[in-house]
Structure formats: C-alpha cells, structure tokens
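Asks: For reference, the sequence and a predicted model appear below.
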Amino acid sequence: MRRFLKSAKRVLRRPFEWIGIGLGLAVLSNLPRGGMVRVCDFDSVVMYRFDRKGRARALDNLRIMFGGDSGAPMSAREEKIIRRSYRNMARTVGYAFWTFRRALERAKSTGERTPGCRAFLAANRPAVPVSGHIGCWEILSQLAFIEGHRMMSVAKDVGSPAMTRLLMKARMSIGQEIVHADGAFRVLMAGLKAGKSLGLLVDQAVRPSDGGVWVRFFGRPVPVSAAPAFFSAKGRASVAVAWSRPLEGGRYRCELVATYRPEEARDIWGFTQRCIRDIEGVVRRHPSCWALNYNAFRKHPTPDELAQLEKREAAARKEPSR
C-alpha cells in the first residue's frame, strides 16, 4: 500500500512539476538578472512558509552542526539562517533556468574567479574541481569552462525522465557535458583521460555499495562519494575544493578552499575525509549558503562500518600531521 501511495503521489505531482519547469524556463530565462533574483526571493518566502518538513529538517541540521536543544523552539537567529538558506537555494535553481538562454554571456556577467582559482585552472588541465551544495553550485563548472576547461558534470534524476532530460539540456546550454549518474564512472574516466575536467559535488549520501565511504561530517558518520579520490589517483589530475560565495545583486565569486595533488588521493578514505572537512569548514562559516533542508544525516553505518571508520580514524591520528 505504501509503495502504491508513493507511486500515485508521483503521478499526481508530475503535471505540477512540469508547470514549474515550464514557468521557470519561460519566465526566468527572459528576465534580467535583477528580475530573476527578485522572483526567486519571493519564491523562497513561499517555499519557507509551506515546506514544514524541510524547515524542521533544516533546524535539526543546524543543531547537529552547532549544538542546541532539539526540542526547543526555533530562535530568531536560527530562523534567519534557514530563511537565507531557502533564498540561496531558490536563487541557485533560478540561475539554472536563467542561463538556459545566453548561458555563456550570463555566466561571464554573473561570476568572477579569485586569482587563486584562475591560477589553479591555468596550471592544471585537466582538473577535478570539487564542491558541495553551497552558494550557487551551478556556476562553478561554468566558470571553469570559461577559463578554457572542457567540463563534464554528473546529474541525477529530478522528477520524471523527461523532466531530467530538460534540466540536463538547460545545464548543457553553456557547452559543458552532463552525464547521467547511472554508469557515470566509466564515461567520466574516459573523459578525464581525454583531457576533460570533472566538476563534482560530494556532500550527498552515497552508500559504499554505490562507491561511497564513511567519513565524519560535523562529527556524524555520513557516507559520501569517493569519486574525487578515484578520478584524481587514476586520472593523474589535481583536485581543487572550491565554492561560490554569494555577492550583491545575484552575483557570485568562486573561491579556492584547498588543492590536492594526485599522489595524495592514493589514500582514498583520508583524501575523501579531508575534502569533506574542507566543505564542512565553509558550511560552518556560512551555514545560510548551504542546502540546510537536505537530509544529510539520514543514513547510519552498520556496526562493522562504524568499527572500520573508527579504525581508520585511529590510524590517521597516529600519522604525522599533514
């Protein structure tokens, strides 16, 4: 019965998803950046108002990250952070629709790169830029493309297959390649060996059976993708952990957090933990820029998986500091 209800909900929701996608493409893509930002800010207020489950999850995540009584009412500070997180997510989705038209021109006018980012991208071809759902994650690969990198990124299903194809088409409008998540490893590795750079997001739950490893994120065990380590080690490509800082007027600046050489990626677990720790550091400083309503801590390790994680952590503590 539960499976039937979930299937029925998907069928009933599909027309409304198409309406939302259609309006996004028809309206947002024809607005100037300021108009797009204002529409997204209004949408974020509506989403915050009606997304009761998402608000509760965002509050739980904040308290996991910074401490606090799980049963206490939401404070004014917590509400402000969560509202800004909804605004950031709405602007990011809006930006993806907005760049369906004149993508290259709009990305150039909206994003900037720090000297460190420019230097890394100029010195490393191909490369593996890594980030999380922080700031406007859609623009990061676009900025690398503007610097002359042939970019490949991964996309998961969003709603129906037709809707997923439409969103992938929007993301490809600037010239980068988008690979479906199913069976992506071989395609991405072939692209890397052909000189293409890979833009990866690594703050999503990925079970070890699907290529993930257990690491710590805000002290909690979470399974995340080990793909950056594999691609870096096997493809001999350097990794840059970066994020896009929101600026005034719906603009963004790509900032470098850390860089790693391919030799460092041979330690798959240690490398992945360091990348997640880099992202955690950004989220700690800018929690409203992260997708706070993502159910990041929903998966739990088995006793054997937890024991293995603790064994790796103990071994890492004995190693000389990096």
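Replies: Sure thing, it's come through.
Asks: ok now do residue 212, which residues does it touch?
Replies: Going by Cβ atoms under 8 Å, 6 or more residues apart in numbering, residue 212 touches 205, 206, 223, 224, 225, 226. No exception for glycine: its C-beta is placed from N, CA and C like everyone else's.
Asks: Repeat the analysis, applying 6 Å as the threshold.
Replies: Residues in contact with residue 212 (Cβ atoms under 6 Å, 6 or more residues apart in numbering) are 206, 223, 224, 225.
Asks: that's a strand at the third one, yeah?
Replies: Yes: note on residue 224: a strand contains this position according to DSSP: H, G, I helix; E, B strand; the rest coil.
Asks: for the record, mean pLDDT for stretch 217-228?
Replies: The average pLDDT within stretch 217-228 is 96.
Asks: quick one: buried residues of it?
Replies: Residues 217, 221, 222, 223, 224, 225, 226, 227, 228 are the ones in stretch 217-228 that count as buried (16 or more other Cβ atoms under 10 Å).
Asks: ok, residue 121 to residue 285 distance?
Replies: Here the criterion is Cβ to Cβ, to the nearest Å. By it, residue 121 lies 23 Å from residue 285.
Asks: Could you list every helix and strand in contact with the helix or strand containing residue 277?
Replies: If you go by DSSP states H and E, residue 277 is part of helix 268-285. Contacts defined by 3 or more Cβ pairs under 6 Å, 6 or more residues apart in numbering; DSSP states H and E place helix 268-285 against strand 212-217, helix 227-235, strand 238-246.
Asks: Which among the ones you listed is found nearest to residue 46?
Replies: Closest to residue 46 of the helices and strands packed on helix 268-285, according to Cβ to Cβ: strand 238-246, at 20.1 Å.
Asks: Who does whatever helix or strand comes next after that closest one pair with, and is each partner parallel or antiparallel?
Replies: Using DSSP H and E, the helix or strand that follows strand 238-246 in sequence is strand 252-260. Applying DSSP bridges, strand 252-260 is found paired with strand 111-113 (parallel), strand 238-246 (antiparallel).
Asks: where are the low-confidence patches of the stretch 151-300 of the chain?
Replies: 157-167, 170 (pLDDT under 70).
Asks: Residue 249 is in contact with residue 37, correct?
Replies: No: Residue 37 is beyond contact range of residue 249, at 7.1 Å (criterion: Cβ atoms under 6 Å).
Asks: Please say which of the two ends up with more neighbours.
Replies: Each of residue 37 and residue 249 has its neighbours counted (other Cβ atoms under 10 Å); residue 37 has more, 21 against 9.
Asks: Report the secondary structure state of residue 317.
Replies: Classification of residue 317 using three-state DSSP returns helix.
Asks: Against residue 91, how distant is it?
Replies: 40 Å.
Asks: Looking at those two, which one has more neighbours?
Replies: Using other Cβ under 10 Å, the more surrounded residue of residue 317 and residue 91 is residue 91, with 24 against 8.
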